[in-house]
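K.L.:
What follows is a predicted protein model with its sequence.
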Amino acid sequence: MTIKRIHTGSPFEAKIGYCRAVVAGGFVHVAGTVGEGATVQDQCRAALATIAKALAEAGSGFADTVRVNYYLPQASDFEACWPILSETFGENPPAATMIECNLIDPKFRIEIELTALDRG
């Protein structure tokens with residue numbers, strides 16, 4: 001089986017020992033991704049932009065997503081992201097789970113990880 005690893009150049013990838021995405025077994029596995037910004041919506045959009053780049057490099061896209069997990073320190077923040085997520089996934093909504101938990105840094109308000117079909 002061929003494995004392709006996709007890096008974004010984030011310094012955390014080297015520090016922690018991971019890559020943004022791994023293409024293997026017919027799927028693109030995208031690591032938990034956070035984004036910068038003042039609001040949860042800004043961070044959601046930024047995380048999705050990073051994920052979009054990784055999916056594109058893998059030859060996939062949001063329409064190919066089969067599973068997504070959302071991690072938020074405050075579940076009450078999640079509803080503000082719904083319009084962004086609905087627009088992103090459009091007519092191809094994946095199975096999804098939202099989990100309330102602490103993130104690596106208190107400045108982050110949402111982390112997104114997903115699995116998509118490998119169309120590459």
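P.N.:
The structure has been received and is ready for your questions.
K.L.:
Name the residues of the lengthiest helix in the chain that come out as buried.
P.N.:
Using DSSP state H to assign secondary structure, the helix with the most residues in the chain is helix 40-58. Neighbour-count burial for helix 40-58, counted by 16 or more other CB atoms under 10 Å, picks out 40-41, 43-48, 50-51, 54-55, 57-58. Any C-beta I mention is one placed from the backbone N, CA and C, and that applies to glycine too.
K.L.:
Let me see the ranges of the helices in the chain.
P.N.:
Using DSSP H, helices in the chain cover 11-16, 40-58, 82-89.
K.L.:
Please put the alpha-carbon coordinates of the second one into PDB.
P.N.:
Right, the one you point to is helix 40-58. Output in PDB follows, covering the C-alpha atoms of helix 40-58 (Å, rounded to 0.1, in the frame of the first residue of the first chain):
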ATOM      1  CA  VAL A  40     -14.900  31.100  16.400                       C
ATOM      2  CA  GLN A  41     -16.200  31.800  12.900                       C
ATOM      3  CA  ASP A  42     -12.900  33.300  11.800                       C
ATOM      4  CA  GLN A  43     -11.100  30.300  13.300                       C
ATOM      5  CA  CYS A  44     -13.500  27.900  11.600                       C
ATOM      6  CA  ARG A  45     -13.000  29.500   8.200                       C
ATOM      7  CA  ALA A  46      -9.200  29.500   8.600                       C
ATOM      8  CA  ALA A  47      -9.100  25.900   9.700                       C
ATOM      9  CA  LEU A  48     -11.300  24.900   6.700                       C
ATOM     10  CA  ALA A  49      -9.000  26.900   4.300                       C
ATOM     11  CA  THR A  50      -6.000  24.900   5.600                       C
ATOM     12  CA  ILE A  51      -7.900  21.600   5.300                       C
ATOM     13  CA  ALA A  52      -9.000  22.600   1.700                       C
ATOM     14  CA  LYS A  53      -5.400  23.000   0.700                       C
ATOM     15  CA  ALA A  54      -4.400  19.600   2.100                       C
ATOM     16  CA  LEU A  55      -7.400  17.900   0.400                       C
ATOM     17  CA  ALA A  56      -6.500  19.600  -2.900                       C
ATOM     18  CA  GLU A  57      -2.900  18.400  -2.600                       C
ATOM     19  CA  ALA A  58      -4.300  14.900  -2.100                       C
END
